[in-house]
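Peer 1: Quick one: sequence and predicted model below, then my questions.
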Amino acid sequence: MSDLVVHVNGERRELDVDPETPLLWVLRDELGLRGTKYSCGIGLCGSCAVHVDGEPRRSCVTRIGAVADRHIATVEAVGDPILRGLRRAWIEDEVSQCGYCQPGMLLQAAALLAQNADPSDSEIDTWMRGNLCRCGTYSRIRRAIRHAAGGATHAG
């Protein structure tokens, strides 16, 4: 076990965990942040996406020791205006069906909009392609991202 410090959703957290523990399990089991989902366990589906220092990262394959003293944001983060806008667009555009992949989708989309405030459909598709939606709501996800960026209508 090791004493590690991380900053999660703006809060400094001291942890006594094995540095090899996946970040996903620290978030869910140690910190009680259940928004980040487990799905594939090998970093391919995106359901476990979080931000580490503003960059999207797959938490199921990221060891907690690798992110010590870094800033981690999960879907539960409340202060991020981009994430707030995306959450609103997700609801207004009725994106979710089962909702399981949505935390990772939201975090991936937030990283896109932080880098590109007005992405094209092609840029959205490229940026989001590593995040899998079992329900196939990709067109609604794209529309909600455009809506949050200010470039979409509610048609369709």
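Peer 2: Yes, it's here.

Peer 1: Pull out the buried positions in the worst-scoring helix or strand of the chain on mean pLDDT.
Peer 2: Lowest on mean pLDDT, DSSP states H and E among the helices and strands of the chain sits strand 2-8, with a mean of 91. Buried residues in strand 2-8, counted by 16 or more other C-beta atoms under 10 Å: 4, 6, 8. In short, each C-beta sits where N, CA and C put it, glycine included.

Peer 1: Tell me who's in contact with the second one.
Peer 2: Residues near residue 6 by C-beta atoms under 8 Å, 6 or more residues apart in numbering: 12, 13, 15, 26, 64, 67, 68, 69, 70, 72.

Peer 1: Excluding chain neighbours, what is closest to residue 86?
Peer 2: Once flanking residues are discounted, residue 86 sits nearest to residue 148: 4.6 Å by C-beta to C-beta, 6 or more residues apart in numbering.

Peer 1: Let me know the distance separating that neighbour from residue 121.
Peer 2: Per C-beta to C-beta, to the nearest Å, residue 148 is found 14 Å from residue 121.

Peer 1: Which of those two has more residues huddled nearby?
Peer 2: Ranked by neighbour count (other C-beta atoms under 10 Å), residue 148 and residue 121 place residue 148 first, with 26 against 14.

Peer 1: measure residue 41 to residue 126 for me?
Peer 2: Using C-beta to C-beta, we find residue 41 at a distance of 25 Å from residue 126.

Peer 1: still on that earlier bit, among the contacts of residue 6, which ones are buried?
Peer 2: Neighbour counting with 16+ other C-beta under 10 Å marks 15, 26, 64, 67, 70, 72 as buried within the contacts of residue 6.

Peer 1: Let me have those residues in CSV, extended by pLDDT and distance to residue 55.
Peer 2: As requested, the buried ones among the contacts of residue 6 are exported to CSV (pLDDT from 0 to 100; distance: C-beta to C-beta, whole Å):
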residue, pLDDT, distance to residue 55
15, 95, 21
26, 98, 18
64, 98, 17
67, 97, 11
70, 96, 10
72, 97, 11
